[in-house]
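Peer 1: Sequence plus predicted model, see below.
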Amino acid sequence: MKDIKVVCLGDSLTMAHGVTPEQSWVELINQKLSPEFINRGLSGDTTGGMLARLHEYIMHDQPTHVIIMGGTNDLCFDLPFNLILSNIHAMTRQLKYQGIIPIIGIPTPILQDGFDLASCDFISNNLLIYRLKQYTNLLINYAAKNEFGIIDFYANFKEHMMSDDGVHPNEKGHVYMSETLIKYFSKL
């Protein structure tokens, strides 16, 4: 596992909004595993933005694996599933072409209580939560169909792991996410 270098590509769930960089799931993994994990999360990013940034990270970081975890902000803009999945598909194709292993990260859930839609002008709270659940199922099916690894941060995520905003993981949530990822990489 020492030759593994992983780029974690995503939005604020990857960037670790609301906790210190040292408390982020990416940094917690770096403290426990010998492969290098690089945090390339950007708060507010969409899968289209991630696709635009991907080539730069491939060239600069030269990873062996890329964890792609995004789509929550796309859903906040009420973008259609086929557009979001086409961005994910374009990223995985570019990675495979470069000989890099894509891994699909399933985003954490959104909790009804405490969630403030101030930044989501295009969709209601209830519809966003419903669409996120649909999206996670579509992502899991996409990854399984294409034989990509799946790291499911949505499953088994509990309310006490969520910050007060109902969207971003707190310190306990980042510990859970790091443990989920460690289990995945320990099987490689």
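Peer 2: That came through, no problem. Residues are numbered from 1 along each chain as shown.
Peer 1: make it CA atoms for all contacts and neighbour counts henceforth
Peer 2: Fine.
Peer 1: Give me the buried stretch members for stretch 84-102, please.
Peer 2: With burial defined by 16 or more other CA atoms under 10 Å, the residues of stretch 84-102 counted as buried are 84-85, 87-89, 91-92, 94-95, 100-102.
Peer 1: any chance of those in JSON lines, with distance to Val19, pLDDT and secondary structure too?
Peer 2: Output for the buried residues of stretch 84-102, formatted as JSON lines (distance: CA to CA, whole Å; pLDDT from 0 to 100; DSSP: H, G, I helix; E, B strand; the rest coil):
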{"residue": "Ile84", "distance to Val19": "27", "pLDDT": "98", "secondary structure": "helix"}
{"residue": "Leu85", "distance to Val19": "29", "pLDDT": "98", "secondary structure": "helix"}
{"residue": "Asn87", "distance to Val19": "28", "pLDDT": "98", "secondary structure": "helix"}
{"residue": "Ile88", "distance to Val19": "27", "pLDDT": "98", "secondary structure": "helix"}
{"residue": "His89", "distance to Val19": "30", "pLDDT": "98", "secondary structure": "helix"}
{"residue": "Met91", "distance to Val19": "28", "pLDDT": "98", "secondary structure": "helix"}
{"residue": "Thr92", "distance to Val19": "29", "pLDDT": "98", "secondary structure": "helix"}
{"residue": "Gln94", "distance to Val19": "31", "pLDDT": "96", "secondary structure": "helix"}
{"residue": "Leu95", "distance to Val19": "30", "pLDDT": "97", "secondary structure": "helix"}
{"residue": "Ile100", "distance to Val19": "30", "pLDDT": "97", "secondary structure": "coil"}
{"residue": "Ile101", "distance to Val19": "28", "pLDDT": "97", "secondary structure": "strand"}
{"residue": "Pro102", "distance to Val19": "26", "pLDDT": "98", "secondary structure": "strand"}
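Peer 1: Now tabulate those in CSV and tack on distance to Pro35.
Peer 2: Listed next are these as CSV, based on distance: CA to CA, whole Å:
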residue, distance to Pro35
Ile84, 29
Leu85, 28
Asn87, 27
Ile88, 24
His89, 26
Met91, 22
Thr92, 21
Gln94, 22
Leu95, 19
Ile100, 15
Ile101, 14
Pro102, 16
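Peer 1: just the residues you listed now: which is nearest Leu111?
Peer 2: Ile84 (21.6 Å; CA to CA).
Peer 1: wait, doesn't that closest one sit right on Asp74?
Peer 2: Yes. Look at Ile84 against Asp74 with CA atoms under 8 Å: they come within range, at 6.9 Å.
Peer 1: anything in contact with each of those two?
Peer 2: Any residue near both Ile84 and Asp74 by CA atoms under 8 Å, 6 or more residues apart in numbering counts here, and that gives Thr47.
Peer 1: if I look at Phe157, how far off is Lys183?
Peer 2: 15 Å (CA to CA, to the nearest Å).
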